[in-house]
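Visitor: Quick one, fold the following:
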Amino acid sequence: MPQFDVLCIGNAIVDIIARCDEAFLVDNSIVKGAMNLIDAERAELLYARMGPAIEASGGSAGNTAAGIASFGGAVAYIGRVADDHLGRVYAHDIGAQGVAFDSRPLEGGPPTARSMIFVTPDGERSMNTYLGASVELGPEDVEEDKVRASRITYFEGYLWDPPRAKEAIRLAAAQAHAAGREVAMTLSDPFCVDRYRGEFLDLMRSGTVDIVFANESELKSLYETASFEAGLEAIRGDCRLAAVTRSEKGSVVVRGDETVEVMAISVDAVVDTTGAGDFYAAGFLAGYTKGRGLAECGALGSLAAGLVIAQVGPRPRQNLREEAQQAGLM
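Guide: Okay, here's the model as predicted:
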């Protein structure tokens, strides 16, 4: 039997989250709603200009790992941090979430990655990320014993930005499939899709990836279409299973000829969309690895996403397993 339900691989990033108005984004040339890659100098500049902030271990796949653990799943994480203060904070925090994290810290290289996330009054988040030590992730960091011991190996599309991470993901996918396991990915961001459209499609069509998570904008970007329906039919033919989120419209899950529509949960107000897609994937995978039907998996994803957007920060304060039990989903 597998030791882990999911092994997550991603950029290990400390999230620094602050509120701002629309004018702040304009004044600082920040692209709203996107993940903007920045260098160390700009990271220092934006940090100096931002207001009071919340700091927490993050990164897309790291958020998903924490979410799966909150649902009671067994989960491990691979990501690179530096041997510095933020690196130690990251390792302690994700471990405290119940995630197995044994990646060796980087010595003598760039500092631990950090992402400055500015949340506007409409709840939209604009990320400005200095990748730091996370770009050093390479094939030598892949822990084959954890890959083979995990039902699913899941990675974030953002890993296609650091050069050697691609090699690490292809190696992990080969190891997972050799052990009879599955591989999942999230498309991460429409701008990320624009940069690597051909490579993402090849990952799907070659069978390197079995399960794909996307939101509506990412789906349309992937297939260069304005039609959600056309994008949905295209992804249906390109991968074995896909789950596409549509904000307040819920999500749609497709597998072969199956189509499952899932409602979003009602929230009083959208406070911060940071981590919504990450936690949808967490809920979905928490159900999927326990053999739940697609509708139940999607409902668990909607529950987790709905809870995280109703607060500031990328981690729900509630225990997700208890919330799912109260909702009759577990």
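
Visitor: hang on, residue 57 in a helix?
Guide: No: counting by DSSP: H, G, I helix; E, B strand; the rest coil, residue 57 is not found in a helix; it is strand.

Visitor: Chain neighbours aside, what residue packs nearest to it?
Guide: residue 93 (3.9 Å; Cβ to Cβ, 6 or more residues apart in numbering). All C-beta spots, glycine's among them, are computed from the backbone N, C-alpha and C.

Visitor: Check the burial of the one you found by counting its neighbours.
Guide: Counted with other Cβ atoms under 10 Å, residues neighbouring residue 93 total 19.

Visitor: what do you get for residue 58?
Guide: By the criterion of other Cβ under 10 Å, residue 58 has 32 neighbours.

Visitor: Residues in a beta bridge with it, which ones?
Guide: residue 13 (DSSP bridges).

Visitor: There's contact between it and residue 15 in this structure, I believe.
Guide: Yes: in this structure, residue 58 is within contact of residue 15 by Cβ atoms under 8 Å, at 3.4 Å.

Visitor: shared neighbours of those two, which are they?
Guide: Counting by Cβ atoms under 8 Å, 6 or more residues apart in numbering, the common neighbours of residue 58 and residue 15 are 115, 314.

Visitor: Residue 77 and residue 95 touch, don't they?
Guide: No: between residue 77 and residue 95 there is no contact under Cβ under 8 Å: 9.3 Å.

Visitor: For residue 100, give its distance to residue 53.
Guide: Distance from residue 100 to residue 53, counting by Cβ to Cβ, to the nearest Å: 28 Å.

Visitor: Please apply the same query to residue 3.
Guide: From residue 3 to residue 53 the distance is 36 Å (Cβ to Cβ).

Visitor: Just give me the residue right at the centre of this structure.
Guide: By Cα atoms, centre = their mean, the chain has its centre lying nearest to residue 60, at 3.1 Å.

Visitor: Next one: that one relative to residue 198, how far apart?
Guide: Distance from residue 60 to residue 198, by Cβ to Cβ: 21 Å.

Visitor: Least confident secondary structure element in the chain?
Guide: strand 54-58 (a mean of 81; mean pLDDT, DSSP states H and E).

Visitor: ok, then the element right after it?
Guide: helix 60-70 (DSSP states H and E).

Visitor: That following helix versus strand 54-58: what angle between them?
Guide: With axes from the mean of the first three to the mean of the last three Cα atoms, to 10 degrees applied, the angle from helix 60-70 to strand 54-58 works out at 90 degrees.

Visitor: Please work out which residues outside helix 60-70 touch it.
Guide: Here helix 60-70 has contacts from 5-6, 8-13, 57, 75-77, 79, 94, 97-99, 154-156, 158, 186, 188, 275, 277-279, 281-283, 285-286, 304, 314-316, 319-321, using Cβ under 8 Å, 6+ apart.

Visitor: can you give me the mean pLDDT across it?
Guide: Mean pLDDT, helix 60-70: 95.

Visitor: mind saving the C-alpha coords of it as PDB?
Guide: Written as PDB, here are the backbone C-alpha positions of helix 60-70 (Å, rounded to 0.1, in the frame of the first residue of the first chain):
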ATOM      1  CA  SER A  60       1.200  26.800  -5.000                       C
ATOM      2  CA  ALA A  61       2.000  23.100  -4.500                       C
ATOM      3  CA  GLY A  62       2.900  23.800  -0.800                       C
ATOM      4  CA  ASN A  63      -0.600  25.200  -0.300                       C
ATOM      5  CA  THR A  64      -2.100  22.100  -1.900                       C
ATOM      6  CA  ALA A  65       0.000  19.800   0.400                       C
ATOM      7  CA  ALA A  66      -1.100  21.700   3.500                       C
ATOM      8  CA  GLY A  67      -4.700  21.400   2.300                       C
ATOM      9  CA  ILE A  68      -4.500  17.600   1.800                       C
ATOM     10  CA  ALA A  69      -3.000  17.200   5.200                       C
ATOM     11  CA  SER A  70      -5.900  19.300   6.700                       C
END
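
Visitor: Start at 25, not 1
Guide: Right, with 25 as the first residue, what we last looked at is helix 84-94.

Visitor: Give the partner strands of the helix or strand just after it in its sheet and their orientations.
Guide: Toward the C-terminus, helix 84-94 is succeeded by strand 99-102 as the next helix or strand (DSSP H and E). Using DSSP bridges, strand 99-102 pairs in its sheet with strand 28-33 (parallel), strand 124-125 (parallel).

Visitor: which other helices and strands contact the next helix or strand after strand 99-102?
Guide: Beyond strand 99-102 in the direction of the C-terminus, DSSP H and E gives the next helix or strand as helix 109-120. In terms of contacts (3 or more Cβ pairs under 8 Å, 6 or more residues apart in numbering; DSSP states H and E), helix 109-120 is packed against strand 37-43, strand 78-82, helix 84-94, strand 124-125.

Visitor: by contact count, what packs against the second one?
Guide: What that stands for is strand 78-82. strand 37-43, helix 109-120.

Visitor: Any idea how far that strand is from the middle of the chain?
Guide: 14 Å (Cα atoms, centre = their mean, to the nearest Å).

Visitor: export that strand as PDB, just CAs?
Guide: The C-alpha coordinates for strand 78-82 follow below in PDB (Å, rounded to 0.1, in the frame of the first residue of the first chain):
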ATOM      1  CA  ILE A  78       1.000  38.500   6.900                       C
ATOM      2  CA  GLU A  79       3.900  36.100   6.400                       C
ATOM      3  CA  ALA A  80       3.400  32.300   5.900                       C
ATOM      4  CA  SER A  81       5.000  29.400   4.100                       C
ATOM      5  CA  GLY A  82       3.400  29.100   0.700                       C
END
